[in-house]
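S.K.: fold the following for me, if possible:
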Amino acid sequence: MSLKVTLLGTGSPMPSPDRAGPATLISAGEGPEGEHYLVDAGRGVLMRLAAAGLGAPNLAAVLITHLHSDHITDLNDVITTRWVMTFEETPLTIVGPVGTKSVVDHLLASLEPDIEYRIAHHQDLDHRPPVTVIEVTEGLVELPDGQGGKVTITCGQTDHKPVEPSVGFRFDLGTDQGVAAVVAAGDTVPCAGLDALCEGANALVHTVIRKDIIANIPMQRLQDTLDYHSSPEQAAQTAAKASVDTLIYTHYVPPMPMGGTADDWRALGAAHFDGTIEVGDDLYTVTIHPT
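M.R.: Coordinates of the predicted model:
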């Protein structure tokens with residue numbers, strides 16, 4: 001068995017007809033029988049998940065890297081759809097940095113009219129959306145009994161200040177052939193926490209922005225993004241420092257083709273990293289084999 005990375009959404013806060021908001025699926029196994037972890041829940045995530053042949057009921061857990069709106073835009077949709085598409089009480093575990101519980105509590109409060117309508121209308125829907133929130137800082141992520149299984153998840157602090165705290169997640173799958181390990185960094189600049197998380201991993205999924213392009217756009221709000229995201233070069237340097245085999249770019253700003261071709265993004269990283277650099281659109285997949 002291997003770990004499969006699916007880029008469900010490679011977009012940014014800027015709406016795009018071609019790219020959903022930030023979301024990555026980490027899977028051990030295929031289809032409904034597999035073990036699937038959703039990292040972030042950006043705009044259109046369930047549409048992309050459906051295109052991958054899965055739905056909210058198939059998720060072992062949702063893991064949130066930070067509480068920027070573009071990374072949680074459709075978290076309410078995941079909660080509601082999981083609730084109405086399962087026919088026995090099936091808790092959804094949401095893992096995220098400190099502050100996640102407050103956000104989820106507010107989402108549930110905003111959904112209160114819908115919850116009441118559905119319970120009143122459907123006799124077989126006799127419970128409210130069952131959600132378990134686990135707030136994390138660093139170390140092992142322990143999921144409730146019955147959720148997860150084959151994959152071990154750890155987390156570490158990243159640097160996306162003034163968004164604080166922010167975390168990255170590591171997924172380790174042990175097999176008879178060795179271990180496959182994937183790190184999902186979220187939004188961050190290079191930092192010691194991410195370096196530690198990547199040590200010994202096979203692959204790193206990293207958000208990237210073309211700082212060389214953004215710096216020349218005379219719009220302050222765009223230029224403000226330069227100091228708390230990594231460029232393709234910086235992400236490549238992080239991957240090289242940890243000696244990972246594969247670097248997977250996502251969350252492209254500006255979007256292609258405005259930000260250049262996939263080969264352009266790949267070439268920027270290749271100057272700093274000798275491994276494989278993957279650049280893909282929504283639903284692009286990369287399989288990480290145990291070593």
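S.K.: what strands flank the helix or strand that contains residue 62, and is each parallel or antiparallel?
M.R.: Using DSSP states H and E, residue 62 maps to strand 59-63. Applying DSSP bridges, strand 59-63 is found paired with strand 35-39 (parallel), strand 92-97 (parallel).
S.K.: what's in contact with it?
M.R.: Outside strand 59-63, the residues that touch it by CB atoms under 8 Å, 6 or more residues apart in numbering are 35-41, 75, 78, 82, 92-96, 141, 143, 147-149, 151, 153, 169, 184. For the C-beta atoms, the positions are set from N, CA and C on the backbone; glycine is no exception.
S.K.: helix or strand right after that strand?
M.R.: Downstream of strand 59-63, the next assigned helix or strand under DSSP H and E is helix 69-72.
S.K.: contacts for that next one, please.
M.R.: Applying CB under 8 Å, 6+ apart, the contact partners of helix 69-72 are 12-13, 21-22, 40-43, 64-65, 103, 186-187.
S.K.: with stretch 75-92 instead?
M.R.: 38, 41, 45-46, 55-57, 59, 61-62, 64, 94, 103-104, 107-108, 110-111, 114, 118, 124-125, 127-132, 144, 147.
S.K.: name only those of the residues you listed that count as buried.
M.R.: 38, 41, 45-46, 55-56, 59, 61-62, 64, 94, 103-104, 107-108, 111, 118, 129, 131 (16 or more other CB atoms under 10 Å).
S.K.: hang on, the earlier thing: Throw the strands paired with strand 59-63 into a markdown table and include distance to residue 282 and mean pLDDT, thanks.
M.R.: Compiled in a markdown table, those are given as follows (distance: least, CB to CB, whole Å; pLDDT from 0 to 100):
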| stretch | distance to residue 282 | mean pLDDT |
| --- | --- | --- |
| strand 35-39 | 14 | 97 |
| strand 92-97 | 23 | 98 |
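S.K.: looking at those strands, which is closest to residue 260?
M.R.: Comparing the strands paired with strand 59-63 against residue 260 with CB to CB, the closest turns out to be strand 35-39 (25.3 Å).
S.K.: that older thread, narrow the contacts of helix 69-72 to those in helices?
M.R.: residue 103 (DSSP state H).
S.K.: want to throw the contacts of helix 69-72 into JSON lines with pLDDT and distance to residue 179?
M.R.: Output for the contacts of helix 69-72, formatted as JSON lines (pLDDT from 0 to 100; distance: CB to CB, whole Å):
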{"residue": "12", "pLDDT": "93", "distance to residue 179": "32"}
{"residue": "13", "pLDDT": "92", "distance to residue 179": "35"}
{"residue": "21", "pLDDT": "98", "distance to residue 179": "31"}
{"residue": "22", "pLDDT": "98", "distance to residue 179": "26"}
{"residue": "40", "pLDDT": "98", "distance to residue 179": "24"}
{"residue": "41", "pLDDT": "98", "distance to residue 179": "27"}
{"residue": "42", "pLDDT": "98", "distance to residue 179": "29"}
{"residue": "43", "pLDDT": "98", "distance to residue 179": "33"}
{"residue": "64", "pLDDT": "98", "distance to residue 179": "25"}
{"residue": "65", "pLDDT": "98", "distance to residue 179": "23"}
{"residue": "103", "pLDDT": "98", "distance to residue 179": "33"}
{"residue": "186", "pLDDT": "95", "distance to residue 179": "22"}
{"residue": "187", "pLDDT": "98", "distance to residue 179": "27"}
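S.K.: give the buried residues for the worst-scoring helix or strand of the chain on mean pLDDT.
M.R.: Every helix and strand of the chain was ranked by mean pLDDT, DSSP states H and E. The lowest is helix 220-223, at a mean of 90. Buried residues in helix 220-223, counted by 16+ other CB under 10 Å: residue 222.
S.K.: any idea how far that helix is from the chain center?
M.R.: 24 Å (CA atoms, centre = their mean, to the nearest Å).
S.K.: tell me which residues of the helix or strand following that helix come out buried.
M.R.: With elements assigned by DSSP H and E, the helix or strand that comes after helix 220-223 is helix 232-242. Neighbour-count burial for helix 232-242, counted by 16+ other CB under 10 Å, picks out 232, 233, 234, 235, 236, 237, 238, 239, 242.
S.K.: the last one: what's it in contact with?
M.R.: The neighbours of residue 242, taking CB under 8 Å, 6+ apart as the test, are 195, 198, 199, 200, 201, 204.
S.K.: only the buried subset of the residues you listed, as a ChimeraX command please.
M.R.: Burial among the contacts of residue 242 is assessed by 16+ other CB under 10 Å; the matching ChimeraX selection reads:
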select :198,201,204
